[in-house]
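Peer 1: mind looking at a prediction? Sequence and model below.
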Amino acid sequence: MSDLATRDYADPAVRAQLVSEVDRAPGAAKPDPILVVDSVVRHFGGMTAVDVDHLEVQRGIITALIGPNGAGKTTFFNLVTGFDRPSQGAHWSFDGKTLDKTSASSVAQAGMVRTFQLTKSLNRMTVMDNMMLGATEQSGENLVKSLFKPLWHGQEREIEERAKELLDRFKLLAKKDDYAGSLSGGQRKLLEMARALMTRPKMIMLDEPMAGVNPALTQSLLGHIQSLRDEGTTVLFVEHDMHMVRHISDWVVVMAEGRVIAEGPADSVMSDQAVIDAYLGAHHDMDLGDDALLEEDAVKEMADEVAREEAEGKA
Amino acid sequence: MSLTEDLTTGSDKEQADRTSRNKLLYAAGGLVAFLVALALLSHVPGSTGQIAASMLRVAIQPQTAALAVAVIGLNIHFGYTGLLNMGQAGFMMLGAYGFSIAIWKGQPMIVGILAGFAAAFVFALLLGIPTLKLRGDYLAIVTISAAEILRYTGRLAKLENFTGAAQGIPGSQYRGPFADLSFLPQDTNWTFPFTKLTYPLTGTDDWWTRLVAWLVVALCSYFVFLLARSPWGRLLRGVREDEDAIRSLGKNVFAVKMQALIIGGLFGALGGIIFILPSSMQPDAMGRNLTFFAWTALLLGGAATVFGPVLGSILFFSVRIFLQGITDAVLPSGLMNTQQTEQFAWICIGVMLMLIVIFRPQGLVGDKRELRFNV
Ligand SMILES: Nc1ncnc2c1ncn2[C@@H]1O[C@H](COP(=O)(O)OP(=O)(O)OP(=O)(O)O)[C@@H](O)[C@H]1O
Ligand SMILES: [Mg+2]
């Protein structure tokens, strides 16, 4: 295992080498998993939103979690981060620590920090206060110590400096004294991500971080996520934009109807027949990252096919 | 922002601190001006002078200070943390019972105060443990009913030897040790200079009680100021805004809410102790009414501000007297008798509360920006 510890994940060749060793099948074992999930099941009434047998997330790389709407990605995030409870006994561990019954706050303390698909900004607080709440182990958050400013003032200044740096990277520095409620939807996404980073997570879980963020900023955010990885943070993110997934992820996990149906590097996953079926219905042999999918003819063709299938179904 | 600029202007946090300090000064200045104006007006002959004199009397009476302390606690609950405590009068009653019963049964005053605090502490724990993990409404339901249960328990005839039942405990049974602490001379009818306020320096409903009560208000306000500017205060506001977001950052939300519930409850207990000092311990004086007075005062002054509770409490009492006095003076006595004008004044207070919530939700000194966004 000694070579694992010394691996430099900033080097693309090392990552390529790493993922090439991994089996391209759902639930494949990873050389050095940071998150290991076993038999996580969540029912809502009669329907099964999540039913994941086994999943490992490799440390130090960027893993994308993709799947059609309603595949159970957000529910899966909620389950492993303690915001929801599995319907039956499940096991998962993060960084060697078992998390089966841990509360959401303890999960975050363990170093697995998530953002929300529906952004949760603290609207009636300033952007700066939002950020500073993210910092961990603040002595001023202790009720007794909070009364004595000298006990936390120095730390407060340090946290503020770090918050400013992050806000600068996320193009929010000019807004730092505005209330978070006055930000635009995309800016709130950025704020939430920056706030999560204030906790210095070992692994960050982003639920559609780019939804509603303009293309120019998306580019710089992608760069930012990559530099996070290069600094040693594990990234797991949900995204619908296939170009982005292809561009930055080292590994892709595909969910559909609650199950993990495929795993692998972006290219191989997107040409996987099971994945294409899950996204587009059967009979398509197109690559999901293909621009042709967005062209009018292709869209019409698909719509026609859906109509045809429905007609067949009725007959 | 460049580093040099940072050095000259100080950090933005400090600037924000400074603006809130300025605001506090304005509010305090306005309040002093209000009191001085009342004192001057009370010398005008006729009903104007009478109204001003009685407004000034209630503005500084110990019960107003007592309410202010309880509202300071409620502000920690609702204003900062977003906890819907509909039973602040219950906390007040526990403080008052603990204090009066302990002294009545021969304990020293400090034991009485601690007994009041201990009762409120346990009450907060009992109410908080089952409800703070649930949605906010549950706390509201549980606190309002628990406060009523406490009141009815205190009134039980079976408990006559312990709580004094419905008649309560006369002030003479517990006021002694407090009055003995007074360093003011005994038994004089002293008039505050330039006012018509004449009370004994020491005794029942005296200057000593007023002095201590308002000193406690000042100390409590300072305490809340220290808490509110700290990272702990920021954590409270974060919990008010979105619990899940705070959880996702690794904070123990339940513990924070529990701390806030306990601290605010202890302020309630302290308010209760002050409340009964100049009068007697009567459970019915601390029913739902008092809780709603506290809420009105909080919304009037401004939630989530340090000075709002004090301003709100003073105005709440004096505005009511103003309304009643004006109605008495203007309307011919055949139209409404004194009892009816009193009720009329209460109705006006209710209407006023509605108008505040609609047109000035941030209260008199609240920050409008803090309330502009729908949550
Ligand atoms: N609280 C809930 N109650 C009932 N059903 C739910 C609940 N939360 C999720 N579901 C259902 O579980 C399924 C998975 O939902 P989930 O939000 O995890 O999908 P998703 O993969 O994140 O989709 P999207 O890409 O649209 O965000 C959906 O069919 C949804 O209707
Ligand atoms: Mg989702």
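Peer 2: Great, that's in hand. Just so you know, these numbers come straight off a predicted model, no measurement behind them. Ligands and ions are numbered 1, 2, ... in the order given.
Peer 1: and the stretch 1-150 of chain A, which residues reach ligand 2?
Peer 2: A:74, A:117 (Cβ under 5 Å from the ion). All C-beta spots, glycine's among them, are computed from the backbone N, C-alpha and C.
Peer 1: which residues in the stretch 1-150 of chain A form helices?
Peer 2: A:2-6, A:12-20, A:73-80, A:104-110, A:127-134, A:150-169 (DSSP state H, counting those that start in this stretch).
Peer 1: do the fifth one and chain B meet?
Peer 2: Pointing back at helix A:127-134 there. Yes. If you take Cβ under 8 Å from any Cβ of the partner chain as the test, helix A:127-134 does meet chain B, through A:128-129, A:132-134.
Peer 1: list the helices and strands that helix packs on?
Peer 2: helix A:150-169, helix A:185-197, helix B:231-241 (3 or more Cβ pairs under 8 Å, 6 or more residues apart in numbering or on different chains; DSSP states H and E).
Peer 1: can you list contacts of the last one?
Peer 2: Contacts with helix B:231-241, where a contact means Cβ atoms under 8 Å, 6 or more residues apart in numbering or on different chains, come from A:122-125, A:129, A:132-133, A:138, A:140-143, A:146, A:152, A:156, B:76, B:80-82, B:227, B:245-246, B:251, B:253, B:256-257, B:260, B:304, B:375.
Peer 1: could you dump the helices of the stretch 1-150 of chain A to TSV with mean pLDDT?
Peer 2: Listed next are those as TSV, based on pLDDT from 0 to 100:
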stretch	mean pLDDT
helix A:2-6	54
helix A:12-20	84
helix A:73-80	95
helix A:104-110	93
helix A:127-134	96
helix A:150-169	94
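Peer 1: the ones you listed: which one's closest to ligand 1?
Peer 2: Of all the helices of the stretch 1-150 of chain A, it is helix A:73-80 that lies closest to ligand 1, at 3.2 Å by Cβ to the nearest ligand atom.
Peer 1: does chain A have contacts with the helix or strand containing residue B:244?
Peer 2: Assigned by DSSP states H and E, residue B:244 falls within helix B:243-248. Yes. Interface with chain A: helix B:243-248 contributes B:244-248 (Cβ under 8 Å from any Cβ).
Peer 1: the residues you listed, buried ones only, as a ChimeraX selection?
Peer 2: Restricted to buried positions by 16 or more other Cβ atoms under 10 Å in any protein chain shown, the ChimeraX selection for the residues of helix B:243-248 next to chain A reads:
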select /B:245,246,247,248
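Peer 1: closest one of the residues of helix B:243-248 next to chain A to residue B:217?
Peer 2: Nearest to residue B:217 among those: residue B:246, at 30.8 Å, using Cβ to Cβ.
Peer 1: who touches that closest one in this structure?
Peer 2: Residue B:246 neighbours (Cβ under 8 Å, 6+ apart): A:133, B:235, B:238-239, B:253, B:256.
Peer 1: show me where the chain dips below the pLDDT cut-off.
Peer 2: Picked chain A for this. Chain A contains residues with pLDDT under 70 at A:1-6, A:281-299, A:302, A:306, A:312-315.
Peer 1: actually it's chain B I care about, not the one you picked
Peer 2: Using pLDDT under 70, the flagged stretches of chain B are B:1-14, B:16-17, B:187, B:368-375.
Peer 1: which non-adjacent residue is nearest residue 228?
Peer 2: Picked chain A for this. Nearest residue to residue A:228, sequence neighbours excluded (Cβ to Cβ, 6 or more residues apart in numbering or on different chains): residue A:235, at 6.2 Å.
Peer 1: my bad, chain B
Peer 2: residue B:306 (6.1 Å).
Peer 1: check residue A:85 too.
Peer 2: Nearest to residue A:85 is residue A:79, by Cβ to Cβ, 6+ apart, at 7.5 Å.
Peer 1: and the host helix or strand of the residue nearest to residue A:228, what does it pack onto?
Peer 2: Following DSSP H and E, the helix or strand that holds residue A:235 is strand A:234-238. Judged by 3+ Cβ pairs under 8 Å, 6+ apart, the packing partners of strand A:234-238 are strand A:33-44, strand A:47-58, strand A:62-66, helix A:73-80, strand A:203-207, helix A:215-230.
Peer 1: and the next element down the chain from that strand?
Peer 2: Trace forward from strand A:234-238 with DSSP H and E and the next one is helix A:242-248.
Peer 1: who does that following helix touch, helix- and strand-wise?
Peer 2: strand A:62-66, helix A:215-230, helix A:266-270.
Peer 1: could I get the longest one in CSV with only the CA atoms?
Peer 2: Extracted in CSV, the C-alpha atoms of helix A:215-230 (Å, rounded to 0.1, in the frame of the first residue of the first chain):
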residue,chain,number,x,y,z
PRO,A,215,-20.4,29.4,-19.3
ALA,A,216,-17.5,31.7,-18.7
LEU,A,217,-17.6,31.1,-15.0
THR,A,218,-18.2,27.4,-15.5
GLN,A,219,-14.8,27.2,-17.2
SER,A,220,-13.1,28.8,-14.2
LEU,A,221,-15.1,26.7,-11.8
LEU,A,222,-14.0,23.6,-13.6
GLY,A,223,-10.5,24.7,-13.2
HIS,A,224,-11.2,25.3,-9.6
ILE,A,225,-12.5,21.9,-9.0
GLN,A,226,-9.5,20.4,-10.7
SER,A,227,-7.2,22.4,-8.6
LEU,A,228,-9.1,21.1,-5.5
ARG,A,229,-8.3,17.6,-6.6
ASP,A,230,-4.7,18.6,-7.3
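Peer 1: contacts for it, please.
Peer 2: With Cβ under 8 Å, 6+ apart, helix A:215-230 has contacts from A:9-10, A:60-62, A:169-171, A:186, A:190, A:193, A:197, A:204, A:206, A:209-210, A:213, A:235, A:237, A:244, A:247-248.
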